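In: what follows is a predicted structure for the sequence shown.
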Amino acid sequence: MLFSELGLGPDVLRAIEDKGYTQPTPIQEQAIPWVLQGRDVLGCAQTGTGKTASFTLPMISILASGRARARMPRSLILEPTRELAAQVAESFETYGKHHKLSMALLIGGETFTEQVKRLDRGVDVLIATPGRLIDLFERGNIMLNDIKVFVIDEADRMLDMGFIPDIERIVSKLPKLRQTLFFSATMPPEIRRLADAFLSNPKEVTVAPPASPSETVTQAMALVHEEDKRKALRHLLRTEDVKNAFIFCNRKRDVAILQKSLESHGFNAGALHGDMVQSKRMETLEAFKKGEITLLVCSDVAARGLDVQGLSHVFNFDVPVSAEDYVHRIGRTGRAGRSGRAFTLASPLDGKQVSAIGRLIKREIPLIAIDGLESAEFLSEDEARRGRSRGRGKDKERGDRAPREQRAERPDREDRAPREDRAPREERQAREERPVREERQPREERQPRESLAAAEARRQQEPRRDRDRDRRRRRDEDEDDAPVIGFGDHMPAFMLRSARRPAPAEPAEQSSQEG
Ligand code: AMP
């Protein structure tokens, strides 16, 4: 099929030609005609399938006639992360270059002033993350009752990130008569329920079975001991023909640590995680896209759905906590029919997650050995649970923290917390613009030499399984940044003085004190 057969306007076709696309992808072929007919669409498609153009192209044609009024955008696209929102904005710029549509990008981490000015001038296309949109709505800077086309992208990710209450709130402000396009990589029951609530008689289009990794990605897994993971990664980076790669960690703090460690070993590595200020996130991503940075150590939140042309490799430094994230991570490579390679470093405690991934992708990831490193074995579930719970006792003392599995990187806070739990706007804004947390040195570099040697000697005496468990426990404890409650190790002098028993009070005085 040709793009010209889909019913798109001539200026959009010209932009597609300029971009060099010859044929629509399956999701474009299926969705575009329905969107142009004004139908609601429920699209089950992953990133990498050409999903973005399947809604941006027809939206440009639909919005080409008509004008936006101040503060009343004509269309709204919700994205779970700032990077994805910026990517969709780029897509509108590319395909809308022969049109005069105005666009605004409302994302956290940037000042309100510019965004408000933009809204005041009137926008045809508004692309936003849910939290920032609600902030602007609450300030009275925006009205949503002129929205004609509404897009929810990456709905399953929105669910994971806790955005659904925000989205329900936003939908309640939209006009009933509108066109809704709803995209999700997977369709769990909760997402299906939302789709039923938001869409009216939708046309369903599905382009790939939910959560199936692209066939063009070659996958492999190395099962090594926790302490060998960095070495294993460096070995892979040196032996693989890596042009550019995403290296995923489960936690923000590990992103910074791993990036420093790679740099200290002479690799050209940058970092991308949710605690970085937005300008730095954009700058790093841009440098990576231009090839100035070869390796980008990142977290799921920061890298979700990012489209970097021709990414040669993905490395999972940690096995992702959720099996769906595995599919999303490796889907950064092998895009648009190109081949890609994805390597996962698993440690003995990861057996359960690896099985879950195997069930989801309906195959086992082939195991490889790393030269010079001893291969490990998965611990049984019981052993793994024991290993983990040993590290949790401390958490309990410090109040009820989420279990480690749930403490993988959380989304940008401004977008996540339910409204009633949120801090006042000013505080949120300050938090959103807070600088990157000071990055600490990799642990080996922080320890004095003697203790490292002594620890190593001791470790050599321990059975390997115990070592892995203990390492994981230590890591969990390290992660616990909660402040010391009470006096900690310091006992103030007044508490050490002997307490003198007070003289018995006169009965009359006593009763007046009590009264
Ligand atoms: P997406 O799924 O929207 O993230 O798109 C994945 C990649 O496919 C992006 O780099 C797009 O530029 C590219 N793409 C989108 N549509 C087409 C097409 N019809 N032909 C070739 N590449 C495309």
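Out: Nice, I can see it.

In: tell me the domain ranges of the chain?
Out: Using automatic domain parsing, the domain ranges for the chain come out as 3-206, 217-407.

In: just the mean pLDDT for the last one, thanks.
Out: Yep, that's domain 217-407 we're talking about. Domain 217-407 shows a mean pLDDT of 85.

In: could you do stretch 55-66 as well?
Out: Per-residue scores along stretch 55-66 average to 95.

In: briefly note if it comes near the ligand.
Out: No. If you take CB under 6 Å from any ligand atom as the test, stretch 55-66 misses the ligand, and the best it gets is 8.5 Å. C-beta: built from backbone N, CA, C; applies to glycine.

In: so what touches that stretch?
Out: 7-9, 11-12, 16, 28, 31-32, 35-36, 38, 41, 43, 74-75, 77, 88, 91-92, 95-96, 99, 101, 124-125, 148-149, 151, 153, 179, 181, 183 (CB atoms under 8 Å, 6 or more residues apart in numbering).

In: and the helices in the stretch 301-450 of the chain?
Out: 323-330, 351-361, 381-390, 393-397, 413-416, 425-432, 443-446, 449-461 (DSSP state H, counting those that start in this stretch).

In: in the stretch 51-200 of the chain, what residue is nearest the ligand?
Out: Nearest to the ligand, among the residues of the stretch 51-200 of the chain, is residue 52, at 3.2 Å (CB to the nearest ligand atom).

In: which one is residue 270 nearest to, not counting chain neighbours?
Out: residue 293 (4.0 Å; CB to CB, 6 or more residues apart in numbering).

In: distance check, the one you found against residue 79.
Out: Noted for residue 293: a distance of 24 Å to residue 79, by CB to CB, to the nearest Å.

In: ok, the two, which is more surrounded?
Out: A count of neighbours by other CB atoms under 10 Å puts residue 79 above the other of residue 293 and residue 79, at 27 against 21.

In: am I right that the more buried one is in contact with residue 155?
Out: No. Counting by CB atoms under 8 Å, residue 79 does not reach residue 155; the two are 10.7 Å apart.

In: could you pick out the buried ones from the contacts of stretch 55-66?
Out: Buried members of the contacts of stretch 55-66, counted by 16 or more other CB atoms under 10 Å: 8-9, 11-12, 16, 28, 31-32, 35-36, 41, 43, 74-75, 77, 88, 91-92, 95-96, 99, 101, 124-125, 148-149, 151, 153, 179, 181, 183.

In: how many residues are close by the residue of the stretch 51-200 of the chain closest to the ligand?
Out: 26.

In: cool, residue 147 as well?
Out: Residue 147: 22 neighbours (other CB under 10 Å).

In: repeat that for residue 71.
Out: Count around residue 71 with other CB under 10 Å applied: 18.

In: that one and residue 359, how far apart?
Out: 49 Å.

In: so who does the residue of the stretch 51-200 of the chain closest to the ligand touch?
Out: 87, 88, 91, 153, 307 are the contacts of residue 52 under CB under 8 Å, 6+ apart.

In: correct me if wrong: the fourth one contacts residue 84.
Out: Yes. With contact defined as CB under 8 Å, residue 153 counts as touching residue 84 (7.0 Å).

In: pretty sure residue 219 sits in a strand.
Out: Yes. Counting by DSSP: H, G, I helix; E, B strand; the rest coil, residue 219 is part of a strand.

In: please name the bridge partners of it.
Out: residue 342 (DSSP bridges).

In: with distance to residue 376 and secondary structure added, can I get the contacts of residue 52 in CSV?
Out: Output for the contacts of residue 52, formatted as CSV (distance: CB to CB, whole Å; DSSP: H, G, I helix; E, B strand; the rest coil):
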residue, distance to residue 376, secondary structure
87, 38, helix
88, 42, helix
91, 43, helix
153, 39, coil
307, 35, coil
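
In: quickly name whichever of the residues you listed is closest to residue 118.
Out: residue 88 (15.9 Å; CB to CB).

In: and the closest one, how far from residue 122?
Out: 19 Å.

In: quote the end-to-end distance of stretch 309-316.
Out: 19 Å (CA to CA, to the nearest Å).

In: show me the contact partners of it.
Out: By CB under 8 Å, 6+ apart, stretch 309-316 touches 217, 233, 236-237, 240-248, 289, 326, 329-330, 332-333, 335, 338, 340-345.

In: how far off centre is it?
Out: 17 Å (CA atoms, centre = their mean, to the nearest Å).

In: quick check: helices, which of the contacts of stretch 55-66 are part of them?
Out: In this view, the contacts of stretch 55-66 that belong to helices under DSSP state H are 11, 12, 16, 28, 31, 32, 35, 36, 88, 91, 92, 95.

In: contacts only, for the nearest residue to residue 95 once chain neighbours are set aside.
Out: Closest residue to residue 95 apart from its sequence neighbours, by CB to CB, 6+ apart: residue 15 at 4.7 Å. By CB under 8 Å, 6+ apart, the residues touching residue 15 are 94, 95, 96, 97, 98.

In: spit out the contact partners of the fourth one.
Out: Applying CB under 8 Å, 6+ apart to residue 97 gives the contacts 15, 18.

In: ditto for the last one
Out: With contact taken as CB under 8 Å, 6+ apart, residue 98 is in contact with 11, 12, 14, 15.

In: let's see that with 10 Å instead.
Out: Contacts for residue 98 were tallied using CB atoms under 10 Å, 6 or more residues apart in numbering; they are 9, 10, 11, 12, 13, 14, 15, 18, 60, 64.

In: same question, the second one
Out: Neighbouring residues of residue 95 by CB under 10 Å, 6+ apart: 8, 11-16, 18-19, 21, 52-53, 56-57, 59-61, 101.

In: swap in the first one?
Out: The contact partners of residue 94, taken as CB under 10 Å, 6+ apart, are 15, 16, 18, 19, 53, 56.

In: which one of the residues you listed is nearest to residue 355?
Out: residue 53 (36.1 Å).

In: tell me if I am right that the closest one is in a helix.
Out: Yes. Per three-state DSSP, residue 53 lies within a helix segment.
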